[in-house]
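Visitor: Can you look at this prediction? I've put the sequence above it.
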Amino acid sequence: MLVRAGGQRRVVFEFMPLMNDARPTWPPEAPSKEAFVALVREQGRALYRDLPWRNLDNPYAVLVSEIMLQQTQVARVKGYWERFMALFPTLDALASADTSDVLAQWQGLGYNRRALALKKTADVCAAEHGGLLPETVEELVALPGIGPATAAGVVAFAHNRPALYLETNVRTVFLHELFPGREGVSDKEIAPLVADTCPADDARAWYYALLDYGAHLKSIVANPSRRSAHHTRQSTFEGSRRQKRAELVRIVLASPEGISAAELAQRLDAFEQAGGRPPVDAEVFESITTDLVAEGFFRQEGDLFVA
C-alpha cells in the first residue's frame, strides 16, 4: 500500500500475519540472502509458467484463481478458471447468479465450500463495496473464505504490492534452500524470511518465481513440504464424509425439480455400493444433508431437497 507522508511516498508492507516484534533471522547454515534471491530469480526465469490468470490487474480474477488453486493442481484449474470467468466475469455478475449455477460450474474441482464462500464474498462486495474487492489484506480477510495467504495473493498479484504470501510452493523453496535437513520447521521461522525477501517494487514477479521453482522442486524431491511443522497428510477422499457430501450436492444439482429425501438416500447408497462400500447409515445421511442445507448448498422444501 502506498502512503503519503510529508509529500513523500513510502511503501507499507502488508504482512498482517507477522507479529509486530518478528525479525528475520537468516539461518546460519543457509546461503546468503543475496545468493538465495539470485537463485530464485534464475530458477523463476527458467521455469516460468504462462498461466491465464497471471499478470492481470484484476483483483477478482486473481481471487478466483487463488481460491480454485487451494488444494487443487494447476492443470485442473486452467479450464475451470476460464469457463468460470466467462460466465461470471465480475463480482456483480457472480453476486447476481444463482448459487446452484455457481456450484454447478464448480463440479469436478472439489471442496465445494470454496465456491459457496466465493459467492458469499461476491454478495458482500456487491452490497457493501460497490461491486469491488477491498484492496488491503486486513479488509480481504474479513470476507468469507479468504485467509491470509489468499488475501496476500490478491494484493501481490493483482496490485503488485508486497504482502506475506506463504503457501505450499513458497514454503517448499524456503525449506529446500534455507533449512536443508531440518525437520519440523515452523512457519514462524519461515514467514519473516518471506517478508524479508519480498521486494517493494515487484512482488508479483518474485512470488511467480517462488511458485514456479517450488512446483518444480515438488516434482523432483519426494514430498519436500513434509519437513514443515505444519505438514499434515491429506485424509483419504474415497469413502469419506467429504466424498458423500460432494455426491449429494452433485445429485441435487442434477435434479432441477428437486429430489425426495428417500430417493436422494437411495442414490447415495447406490453410489457407495458401486464403490464397494456399504449403504450409508440413516443418521449419517441426515447429519450430512442437515449440514449441507445449513451451509447453503441447497434447501429443503417439505420432503424435497432443491438446488
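Guide: That came through, no problem. Numbers count the residues shown, from 1 in each chain.
Visitor: Going by residue numbers, what spans are helices in the stretch 101-250 of the chain?
Guide: 113-128, 137-140, 148-158, 168-178, 187-197, 203-220, 241-253 (DSSP state H, counting those that start in this stretch).
Visitor: Please find the angle between the direction vectors of the fourth one and helix 187-197.
Guide: Computed by axes from the mean of the first three to the mean of the last three CA atoms, to 10 degrees, the angle separating helix 168-178 from helix 187-197 equals 90 degrees.
Visitor: wait, which of the helices of the stretch 101-250 of the chain is closest to residue 277?
Guide: Residue 277 lies closest, by CB to CB, to one member of these: helix 241-253, at 9.6 Å. Every residue, glycine included, has its C-beta placed from N, CA and C.
Visitor: so how many other residues sit close to residue 282?
Guide: Other residues within reach of residue 282 by the criterion other CB atoms under 10 Å amount to 9.
Visitor: What's the per-residue pLDDT of it here?
Guide: For residue 282, the pLDDT comes out at 91.
Visitor: what pLDDT, on average, does stretch 204-213 get?
Guide: Rounded mean pLDDT across stretch 204-213 is 98.
Visitor: Would you mind writing the CA trace of that stretch as CSV?
Guide: C-alpha atoms of stretch 204-213 as CSV (Å, rounded to 0.1, in the frame of the first residue of the first chain):
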residue,chain,number,x,y,z
ARG,A,204,4.3,-10.2,-8.4
ALA,A,205,7.3,-11.4,-10.3
TRP,A,206,9.1,-12.5,-7.1
TYR,A,207,6.2,-14.7,-6.0
TYR,A,208,5.8,-16.1,-9.5
ALA,A,209,9.4,-17.2,-9.3
LEU,A,210,8.9,-18.8,-5.9
LEU,A,211,5.8,-20.6,-7.1
ASP,A,212,7.3,-22.0,-10.2
TYR,A,213,10.5,-23.1,-8.6
